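Participant: Structure of the sequence below:
(one chain, ligands or ions: 1)
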Amino acid sequence: MKITKLTTYRVPPRWMFLKVETDEGVVGWGEPVVEGRARTVEAAVSELSEFVIGKDPSRINDLWQAMYRGGFYRGGAVFMSAIAGIDQALWDIKGKVLGAPVFELLGGRVRDRMKTYCWVGGDRPADVIAQIRARMEHGFDTFKMNGCEEMSIIASSKAVDAAVARVAEIREAFGNTIEFGLDFHGRVSAPMAKVLVKELEPFRPLFIEEPVLAEQAEYYPRIAEQTSIPLAAGERMYSRYEFKHVLERGGISILQPDLSHAGGITECVKIAAMAEAYDVALAPHCPLGPIALAACLHVDFVSWNATLQEQSMGIHYNKGGEVLDYVLNKDALKLDDGGYAKPFTGPGLGIEVNEELVIERSREVADWRNPLWRHADGSVAEW
Ligand SMILES: [Mg+2]
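Facilitator: You can find the predicted model right below:
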């Protein structure tokens, strides 16, 4: 069998799907994208296709190494997301050829179902309690929300009070009937992270995500020493070679590689195993579409330390397209009470992509961009 063609489709809300075709008619799907930089990743997929067209799709490990090492320059969001999407599609093809779900090919499941959580709130935290109530009616009990709005490198006590008061209100409203993680989203500087984690500790968030930016990772162990709240990070780290530094330094309790940013299934299974060796939990990042989510779940089902799976159903970014829109066998991604995902029964990634709809929606798709925020003094703020 040989790979014959790679086709990318940019689709709403802000995703890109990849179709990999073979000379025997077996087709695989992947989701290579960097949110807001879909066209850049599209160009990278096009260039990387030189390494895979005409090749045997069963040799995923070799094709991965060729794409990673074959171009001299490597790593980073764009290359690793392009590799990730191609890798997912190759696993989809392998599973379809062998008639088995990907998790079976990875050694079989370690769990019967996988806990997911859902997002609440937009970028500007408001009405969070009402949103949590609405999602609880759909069976969810675990949530994530942004921890604060934009925050200066040294912020006012007013800004700190606003962040803390919101969390206090949520805990007061729900007691311990819900769990919630707080995403600092890289908005908080090292000096303020120290202040905020201390103030938020009494409300026992499940974790604090990106307490500082990934490029300030040397602060993770220092912040961790000052709090009992588990720290999470990883959505802006792209390979084993970045995660190894974080694991060696310590401080992170939950690793969050993104299956569409960190080299795909092949790489993230290895990252998960590295985390397990350090007694670090896995919670793959996934504010993306159905193919990325399916890839995450296959890794979760074979990784003992996988503890929570992010998913973007109903997330505030999903304007013009929802996770299940593009899937024909919607039941495969339907979450049970408590937000549990079940193992896939179909071969490959286990989801059937609605190609007709993908093509239709890819015809007129707006380029998604995250907002550019500014502080009160006009300087750029982290979003
Ligand atoms: Mg995040």
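Participant: for the protein, where's the lowest mean pLDDT among helices and strands?
Facilitator: Of all helical and strand segments in the chain, the minimum by mean pLDDT, DSSP states H and E falls on helix 128-136, at a mean of 89.
Participant: now for that helix, which elements pack on it?
Facilitator: strand 142-146, helix 157-174 (3 or more C-beta pairs under 8 Å, 6 or more residues apart in numbering; DSSP states H and E). Placement of C-beta: from N, CA and C, glycine included.
Participant: and the next element down the chain from the last one?
Facilitator: Right, helix 157-174. Per DSSP states H and E, the first helix or strand lying C-terminal to helix 157-174 is strand 179-183.
Participant: who does that next one pair up with?
Facilitator: strand 142-146 (parallel), strand 208-209 (parallel) (DSSP bridges).
Participant: Can you pull the residues of the stretch 51-200 of the chain lying near the ion?
Facilitator: Asp183 (C-beta under 5 Å from the ion).
Participant: 6 Å instead?
Facilitator: Within the stretch 51-200 of the chain, the residues that sit near the ion (C-beta under 6 Å from the ion) are 183, 185.
Participant: which regions of the stretch 51-200 of the chain sit below the pLDDT cut-off?
Facilitator: Confidence mapping of the stretch 51-200 of the chain against pLDDT under 70 gives the ranges 122-126.
Participant: Show me what the strand or helix carrying Ile86 is packed against.
Facilitator: Using DSSP H and E, Ile86 sits in helix 76-98. Applying 3+ C-beta pairs under 8 Å, 6+ apart, we find helix 76-98 packed against strand 15-22, strand 27-30, helix 38-52, helix 60-69, helix 102-105, helix 264-277, helix 290-302.
Participant: just to revisit the earlier point, identify, out of the helices and strands packed on helix 128-136, the most deeply packed stretch.
Facilitator: Highest mean neighbour count among the helices and strands packed on helix 128-136 (mean count of other C-beta atoms under 10 Å): strand 142-146, with a mean of 21.
Participant: Which residue would be the closest one in the stretch 101-250 of the chain to the ion?
Facilitator: Of all residues in the stretch 101-250 of the chain, Asp183 sits closest to the ion, at 4.4 Å by C-beta to the ion.
Participant: For the helix holding Ile86, buried residues please.
Facilitator: 77-97 (16 or more other C-beta atoms under 10 Å).
Participant: That one vs strand 15-22, what angle?
Facilitator: Angle, helix 76-98 to strand 15-22, by axes from the mean of the first three to the mean of the last three C-alpha atoms, to 10 degrees: 40 degrees.
Participant: now the angle between helix 264-277 and helix 76-98, please.
Facilitator: Using the same axes, to 10 degrees: helix 76-98 against helix 264-277 is 110 degrees.
Participant: Helix 76-98 to helix 38-52, inter-axis angle?
Facilitator: Going by the same axes, to 10 degrees, helix 76-98 makes 50 degrees with helix 38-52.
Participant: Do any residues in stretch 224-232 lie close to the ion?
Facilitator: No - Stretch 224-232 stays clear of the ion (C-beta under 6 Å from the ion), getting no nearer than 8.2 Å.
Participant: same question for that stretch, mean pLDDT?
Facilitator: The pLDDT scores in stretch 224-232 average 97.
Participant: what sits up against that stretch?
Facilitator: Stretch 224-232 is touched from outside by 181, 194, 197-198, 200-201, 204-211, 220, 223, 250-256, 281, 283, with contacts defined as C-beta atoms under 8 Å, 6 or more residues apart in numbering.
Participant: From those, list just the buried residues.
Facilitator: 181, 194, 197, 200, 205-211, 220, 223, 251-256, 281, 283.
Participant: Narrow the residues you listed to those in strands?
Facilitator: Those of the buried ones among the contacts of stretch 224-232 mapping onto strands are 181, 208-209, 254-255, 281, per DSSP state E.
Participant: Tell me the one of those residues nearest Trp64?
Facilitator: The shortest approach to Trp64 among those belongs to Leu255, at 20.0 Å (C-beta to C-beta).
Participant: Now do the same for that closest one: its pLDDT.
Facilitator: pLDDT, read off for Leu255, is 98.
Participant: Check the one 4 residues further on too.
Facilitator: pLDDT, the model's per-residue confidence, is 98 for Leu259.
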